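Undergrad: My questions are about this predicted structure, shown below with the sequence.
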Amino acid sequence: MYASDLISYAVPPLKGADTGLMANQWMNDFHVRHLPVVDNGTFLGLVSEDHILNMPPDDAIHSHYEYGLINVFVQPHQHLYEIMKCVVDSGLSVVPVANKDRQYMGLITLDNLIKQLVESGSITHPGGVIVIEMTPRDYSLAEIARIIESEKVLILSSFITSNIDQSLIELTIKLNKEDLKHVVATLERFDYNVKDSFYESDYLDSLNDRYDSLIRYLNI
């Protein structure tokens, strides 16, 4: 999944001549904290809610560029995971998409990004989840997959969580089976530390709680 596949036109871009009042109204209407500024098809940058609140409401945005536009965007060929990293690194509520010449193509909303991430990660597929804690040198997805598949269970998706201040990583694996007792026992027999496991109902309840919390945060 690439940026060009995720573009939404539901949130319009601002022009430099638009007022702070208009920008503030649009941010409220679309529940975002950033909006792209585009003139003659060229992406100039993102204006933030803080930027708007620091200028008189009737002034044009271009008259206050000294506050600084946010020069962050992704190109249409960039992958879903690169877009997620961009969001995490910059704290954006929308991600503009532009080509290498800064020609604006549209933007990606967090709602659409989360939806695609869920679908691409097989989160909605029936099954269970295990979390394995290990040192980086012990990580071998091929070996772990061999052990899991020996129990006639398939890996649907996986991802690694790591902390630069810690010596351990967590490997989260989504499997196509709900009853994971035999998988967990087999992994532990091979000295893997299964930190946690979730059956379908527990996993979906946890996921729904986190999704609801995120939506409440985005609507603040």
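TA: It's in.
Undergrad: what residue of the chain is the furthest out?
TA: Arg189 (34.9 Å; C-alpha atoms, centre = their mean).
Undergrad: gap between the two ends of stretch 57-68?
TA: Stretch 57-68 stretches 17 Å from its first residue to its last (C-alpha to C-alpha, to the nearest Å).
Undergrad: In terms of pLDDT, where does the residue farthest from the centre of the chain sit?
TA: Listed pLDDT for Arg189 reads 95.
Undergrad: repeat for Glu66
TA: 64.
Undergrad: Repeat that for the one 4 residues further on.
TA: Among the per-residue scores, Ile70 shows a pLDDT of 92.
Undergrad: Show the contacting residues for it.
TA: By C-beta atoms under 8 Å, 6 or more residues apart in numbering, Ile70 lies in contact with 34, 45-48, 90, 92. Quick note: C-beta positions are derived from backbone N, CA and C, even for glycine.
Undergrad: Same check on Thr172?
TA: Counting by C-beta under 8 Å, 6+ apart, Thr172 makes contact with 129-131, 158-161.
Undergrad: ok, now how distant is the spatially most central residue of the chain from Ser90?
TA: The residue lying closest to the centre of the chain (C-alpha atoms, centre = their mean) is Met84, at 3.9 Å. Distance, Met84 to Ser90, by C-beta to C-beta, to the nearest Å: 11 Å.
Undergrad: Identify those among the contacts of Ile70 that sit within strands.
TA: With DSSP state E as the criterion, strands contain 34, 45-48 from among these.
Undergrad: List the residue ranges of the protein that fall below the pLDDT cut-off.
TA: Counting by pLDDT under 70, the ranges of the chain that qualify are 66-67, 118-124, 163-165, 199-220.
Undergrad: ok, 80 please
TA: 1, 64-68, 81, 114-126, 162-166, 198-220 (pLDDT under 80).
Undergrad: mind listing the helices for it?
TA: For the chain, the helices defined by DSSP state H occupy 3-6, 20-30, 49-53, 80-90, 110-120, 141-149, 181-189, 200-218.
Undergrad: Now do the residue farthest from the centre of the chain against Val37, distance only.
TA: 58 Å.
Undergrad: One more: Ile108?
TA: Between Ile108 and Val37 the computed distance is 17 Å (C-beta to C-beta).
Undergrad: Then Leu69?
TA: Separation of Leu69 from Val37 (C-beta to C-beta): 6 Å.
Undergrad: do the same with Asn112
TA: 21 Å.
Undergrad: So between these two, which is more surrounded?
TA: Using other C-beta atoms under 10 Å, the more surrounded residue of Asn112 and Val37 is Val37, with 24 against 17.
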